[in-house]
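Participant: Quick one: sequence plus predicted model below, questions after.
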Amino acid sequence: MNEAVRLEGVGKRFRAGGRTIEALTRLSFHLERGRLVGLVGPDGAGKTTLMRLLAGLLLPDEGRVTVLGLDTREAAHAVQARVGYMPQRFGLYDDLSVRENLDLYADLYGLEGELRRRRLREILAATELAPFADRFAGRLSGGMRQKLAMGAALLKTPELLLLDEPSVGVDPLSRRELWRLVRRLAGGPATILWSTAYLDEAERCERVLVLQDGRLIADGPPGGLTRELEGRVFRVETGREDRRPLLRLLRRRADVLDVTAAGGALRVVVEAGEGAAHLRGLGGVREITPVTPGLEDAVVALLRRERGGEDGMPTAGKAPADPPRPRQEAPEVVIRIRDLVRTFGSFRAVDGIGFEVRRGEIFGLLGPNGAGKSTTFKMLCGLLPPTSGEALVLGYDLLRAAPAARAHIGYMAQKFSLYADLTPRQNLHFTADAYGLVGARRRRRLAETIAEFGLAEMLDQRSGDLPLGYKQRLSMACALLNEPEILFLDEPTSGVDPLARRAFWARIMALAEAGVTVMVTTHFLDEAEYCDRIAIIERGRLLGVGTPDEIIEAGRRRSPEVTDLEEAFVALLEERRREAA
Amino acid sequence: MTAPPRDGSARLRIRGLLRKEWLEILRDPSSIAIAFVLPALLLFLFGYGVSLDPREVRIAFVKPSSSQPAESLAEAFRGSPYFRVAFAADIVTARRLLDRREVQGIVSLRDDFADRLENGEAVVQLVLDGVDANTARIVQGYVRGTFAGWLARIDRGSRAPPGLTIEHRMWFNSEIDSRHFLIPGLVAIIMTLIGAMLTSLVVAREWERGTMEALFATPVRIREIMIGKLLPYFVLGMGSMAVATAMAVLLFGVPFRGSFLALLLLAGIYMMASLAYGLAVSALARSQFVAGQVAIITAFLPAFILSGFIFDIRSMPWAIQLLTYIIPARYFVSSLQTMFLAGDVWRVYLVDGAALLLIAAIFLAVARRRTRKSLE
């Protein structure tokens, strides 16, 4: 039989809080054996449900799931013996060492004798975990944990390998290592289904399934999906100062389907039948070169067609009704850190970093997991006292007056950290109470925020039941309620679909223009291109600070094939690790 | 189609699960704390801190100005190890002491105590703080005893030697030491902690950390996962039982009159029932918080209150008495008290053991039915 997977009219529903959620609707497709297939879609699209159905851990409400010729309803156990599955939060035992974790899975998959010894050796070598074989899994870095989890799922060369977002929250360097690992260990006859929120990652697959709201909206080889965009994608070079106004201008044009910042220029997708000629006359445009369309372009085009322009967020360009005005007496430099150090016991999480951020700047903080990014972030928000060094935020010394600084900043956590059981209205009122907003100003800010973020029609639903994009909007609305001078965003767009991400960045840029300083951490390197300046952190030290163009230039000096920020980032990181080794 | 699973691979999987569980127990300080530190703490608390025997009860003694028999009675109270006597000039002062809770009772003699004693109609008034009725009753007994002892002594002094003396003898707890009664029951409480609470917590932890989903995706069977949990915690629970028993006998001097065989047998059965209950809880509660609450409210507290460990079941209202029949700890506590204080009574063991086996079988069946290899 040449089929690894066949789905016929599969539907799956869940009940949550009295409501029925349609996770998958009439899903039908089949996968040939030996293929590497990408499964992409935003959070809540149904990727995990699909994976669990294929692993026989869930049964379809309707339709039929056939895996390796077996109906999961009848032979779940036999399916599980031949399928490798790496859940999104892979269950490693933190109190067990790397070797003990692998031993457990070797036992569970029934590996014995010479085969077992050889396979364990191969996995340890391929994951480069051999030197850490006796380290507890709980003490591995994020990237190493993912490699170990993948190694465990690959122990018994499975016929079908299901990987549920193995690269989520992993830095670009570790992500590349994961790809190499899968290719090396699974290779040969195995069918691999790799789910991911990173569209550029899916581009490496032979075939891509695009899932949205439980339905398959596109299916085919990446080249096939992008074919219709051939000749419609351009790189538009501009001066640094012109880039943002031009981006906003292009977003509002009817003949432009999509525009993003990329590789120190703008990437523009025009509507079908349009050329790039009419872009040439626009202010600030220096040079226009056609480029190969990518999967993200294709997915954005698809989504725009699906939703008829509805972004899941209010459209770009519209500045906040009442932009927070810069205070005259405030210094131009709003954040200044020098030799900042934070230790946890003998571990130096942040080891002497320094930079300055100016009012109205969008400043990105980048780095692999465990590099000290979030520690730096928490110190700047006044949530964690620095061990030593100088840290001034809006003129307040964080070593002494962190609470005073906190009154002037807004913070949006990575996870939805409002009250799920309260309505958006109640959450907003609570936030206003927490900031001590009273009287006329309170009424004005609440009304403005509700209008600005388009929250009016969902004010009285339960916040926990809102779609992810709305939750994110609400979180941001709360963070901005007090008209902060600095807004801190911790991985604000993870798990959000590409359209919502675009709308989100449009809003951030509008805020910055209104004088709000924005500090942001992100794992999406393409997003970092929206930043005015970025700092790259690795092992508690600064690897580089500068505009995206400067960072790309620095990367290019190290290896000439660098064309965008992600490649520059990887080049810088690899150089530092070589030096360290 | 598919080859039937070979026995060898099942054995391999169980071995892997057992080794994993054991390593986790050894490395997780909280398991060790619940299995060994908490029992030791409970033992010390009940061994030293909590005693249901009042000692050195403070009483106020009101006596008339000067009379020989009254002085002699006062001496008798002062000489008793059970009382610490405060003398009060009159009943009003004594009342004040009682109100301020400085004394727990008042022994008051009337002014004509000596005269009436001559006539054989002396009256002694006893006022007790009845807030703690249990203690009050015991103090009442002590006062009576002291008074009777004093009477006997003055009788013997004045007249012929008595022809008859009454000797009290308490059976089974001959020292009337409540510690001897409490500590055996404590062994059951400790095993409940490990069986019901620790087990449901560690299963819920696997759900929380996502390890359960990863386990489910392998060819492992529910039966094997259950064995992988039952066996290690059975060993842990029995180890904890052994430590608690050794401490009870060696440290607190509780007599052990039964046989170790009986102890091992009944403890083993009780451990099974308790573990099965823990697994049943964890099949329903997938978060540690809920599992912990459910285990405490439905297993730990009933074992504490309704098992006869502290409160005598026979003095409970009949409805509550009926309820105690479904509390597994009840049967084990009854057997434990028998084997520690009275010695082997196989008829008691047989009834208790059979009840426990039945309960274990029911909970195991529930756990097996409710745990499915599915993420619904």
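Facilitator: Received, thanks. Residues are numbered from 1 along each chain as shown, chains lettered A, B, ... in the order given.
Participant: Return the residues of chain A in contact with chain B.
Facilitator: Chain A has residues A:52, A:55, A:57-59, A:70, A:75-78, A:80-81, A:83-96, A:100, A:103-110, A:112, A:136, A:149, A:152-153 near chain B, with proximity defined as C-beta under 8 Å from any C-beta of the partner chain. For glycine as for every other residue, the C-beta is placed from the backbone atoms N, C-alpha and C.
Participant: and the closest residue to chain A within the stretch 51-200 of chain B, how many residues sit next to it?
Facilitator: When C-beta to the nearest C-beta is the measure, the stretch 51-200 of chain B has its nearest residue to chain A at B:Leu198, with 15.1 Å between them. Around B:Leu198 sit 27 other residues, with neighbours defined as other C-beta atoms under 10 Å in any protein chain shown.
Participant: just checking, it touches B:Ser31?
Facilitator: Yes - with contacts counted by C-beta atoms under 8 Å, B:Leu198 reaches B:Ser31, the gap being 6.5 Å.
Participant: Between those two, which contacts overlap?
Facilitator: In the contact map built from C-beta atoms under 8 Å, 6 or more residues apart in numbering or on different chains, the residues linked to both B:Leu198 and B:Ser31 are B:Leu236.
Participant: So the residue of the stretch 51-200 of chain B closest to chain A: helix, strand or coil?
Facilitator: Secondary structure for B:Leu198, judged by DSSP: H, G, I helix; E, B strand; the rest coil, is helix.
Participant: Quick check, the residue in the stretch 151-300 of chain B closest to chain A?
Facilitator: B:Thr211 (2.8 Å).
Participant: separation between that residue and A:Thr20?
Facilitator: 29 Å (C-beta to C-beta, to the nearest Å).
Participant: tell me which parts of chain B are close to chain A?
Facilitator: Where proximity means C-beta under 8 Å from any C-beta, the interface of chain B facing chain A comprises B:1-2, B:5, B:8-9, B:12-13, B:15-17, B:19-20, B:23-24, B:27-28, B:206, B:209-221, B:373-376.
Participant: among the residues you listed, which are in strands?
Facilitator: Where the residues of chain B next to chain A are compared with strands, as defined by DSSP state E, there is no overlap at all.
Participant: Among those, the buried ones, what's the ChimeraX command?
Facilitator: For selection in ChimeraX, the members of the residues of chain B next to chain A meeting the burial criterion (16 or more other C-beta atoms under 10 Å in any protein chain shown) are listed in this command:
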select /B:9,12,13,16,17,19,20,23,24,27,206,209,210,211,212,213,214,215,216,217,218,219,220,221,373,375
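Participant: from the residues of chain B next to chain A, which ones fall inside helices?
Facilitator: Judged by DSSP state H, the subset of the residues of chain B next to chain A located in helices is B:8-9, B:12-13, B:15-17, B:19-20, B:23-24, B:27, B:206, B:211-216.
Participant: So what does the most far-flung residue of chain A relative to its centre have for phi and psi?
Facilitator: Here chain A has its C-alpha centre computed as a mean, and the residue farthest from that point, by C-alpha atoms, centre = their mean, is A:Gly113 with 41.8 Å. Its backbone dihedrals place A:Gly113 at phi 60, psi -140, with angles given as degrees, to the nearest 10.
Participant: Contact partners for it?
Facilitator: Counting by C-beta under 8 Å, 6+ apart, A:Gly113 makes contact with nothing.
Participant: which intervals of chain A have sub-threshold pLDDT?
Facilitator: When the per-residue scores of chain A are filtered using pLDDT under 70, the ranges that remain are A:1, A:16-18, A:169, A:187, A:307-331, A:369.
Participant: Spatially central residue for it, please.
Facilitator: Using C-alpha atoms, centre = their mean, the most central residue of chain A is A:Ser494, at 3.4 Å.
Participant: Distance-wise, check that residue relative to A:Arg267.
Facilitator: Taken as C-beta to C-beta, the spacing of A:Ser494 relative to A:Arg267 amounts to 21 Å.
Participant: now B:Arg286
Facilitator: Applying C-beta to C-beta, the value for B:Arg286 to A:Arg267 is 45 Å.
Participant: More neighbours: which of those two?
Facilitator: A:Arg267 (21 against 14).
Participant: Just to be sure, that one is in a strand?
Facilitator: Yes - going by three-state DSSP, the assignment for A:Arg267 places it inside a strand.
Participant: So in chain B, where's the weakest helix or strand by average pLDDT?
Facilitator: Scoring the helices and strands of chain B by mean pLDDT, DSSP states H and E places helix B:133-158 at the bottom, with a mean of 74.
Participant: in it, what's buried?
Facilitator: Going by neighbour count (16+ other C-beta under 10 Å), the buried part of helix B:133-158 is B:135-136, B:138-139, B:142-143, B:146-147, B:150.
Participant: Counting by contacts, list what it packs against.
Facilitator: Here helix B:133-158 touches strand B:57-62, helix B:68-79, strand B:105-109, strand B:124-128, going by 3 or more C-beta pairs under 8 Å, 6 or more residues apart in numbering or on different chains; DSSP states H and E.
Participant: Export those to JSON lines and append columns for mean neighbour count.
Facilitator: What follows is the helices and strands packed on helix B:133-158, written out as JSON lines (neighbours: other C-beta atoms under 10 Å in any protein chain shown):
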{"stretch": "strand B:57-62", "mean neighbour count": "22"}
{"stretch": "helix B:68-79", "mean neighbour count": "16"}
{"stretch": "strand B:105-109", "mean neighbour count": "22"}
{"stretch": "strand B:124-128", "mean neighbour count": "15"}
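Participant: count of neighbours near residue 179?
Facilitator: If you meant another chain, say so; for now it's chain A. Counted with other C-beta under 10 Å, the burial measure for A:Trp179 works out to 15 neighbours.
Participant: Please refer instead to chain B.
Facilitator: 20.
Participant: just A:Lys147 next, same as before
Facilitator: The number of residues packed around A:Lys147, counting by other C-beta under 10 Å, is 24.
Participant: tell me how far stretch A:392-403 is from the chain's mean position?
Facilitator: Relative to its chain's centre, stretch A:392-403 lies at 31 Å (C-alpha atoms, centre = their mean, to the nearest Å).
Participant: got it, and stretch A:534-551?
Facilitator: That offset, for stretch A:534-551, works out to 19 Å (C-alpha atoms, centre = their mean).
Participant: quick one: buried residues of it?
Facilitator: Buried residues in stretch A:534-551, defined by neighbour count with 16+ other C-beta under 10 Å: A:534-545, A:548-549, A:551.
Participant: Just the C-alpha atoms of it, please, in CSV.
Facilitator: Backbone C-alpha positions of stretch A:534-551 (Å, rounded to 0.1, in the frame of the first residue of the first chain) are rendered in CSV as follows:
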residue,chain,number,x,y,z
ILE,A,534,17.6,45.6,17.7
ALA,A,535,20.0,44.0,20.2
ILE,A,536,21.0,40.4,20.0
ILE,A,537,21.8,38.6,23.2
GLU,A,538,23.6,35.3,23.6
ARG,A,539,24.6,33.7,26.9
GLY,A,540,24.0,36.9,28.9
ARG,A,541,26.2,39.1,26.6
LEU,A,542,25.5,41.4,23.8
LEU,A,543,26.3,40.1,20.4
GLY,A,544,25.4,43.2,18.5
VAL,A,545,23.2,46.3,18.6
GLY,A,546,22.1,48.3,15.6
THR,A,547,19.5,48.9,12.9
PRO,A,548,18.4,45.8,11.0
ASP,A,549,20.4,47.0,8.1
GLU,A,550,23.5,47.2,10.2
ILE,A,551,23.0,43.8,11.7
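Participant: Dump the helices and strands packed on helix B:133-158 into JSON lines; add distance to A:Asp433 and mean pLDDT as well.
Facilitator: Shown next, in JSON lines, are the helices and strands packed on helix B:133-158 (distance: least, C-beta to C-beta, whole Å; pLDDT from 0 to 100):
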{"stretch": "strand B:57-62", "distance to A:Asp433": "54", "mean pLDDT": "85"}
{"stretch": "helix B:68-79", "distance to A:Asp433": "65", "mean pLDDT": "83"}
{"stretch": "strand B:105-109", "distance to A:Asp433": "56", "mean pLDDT": "85"}
{"stretch": "strand B:124-128", "distance to A:Asp433": "55", "mean pLDDT": "82"}
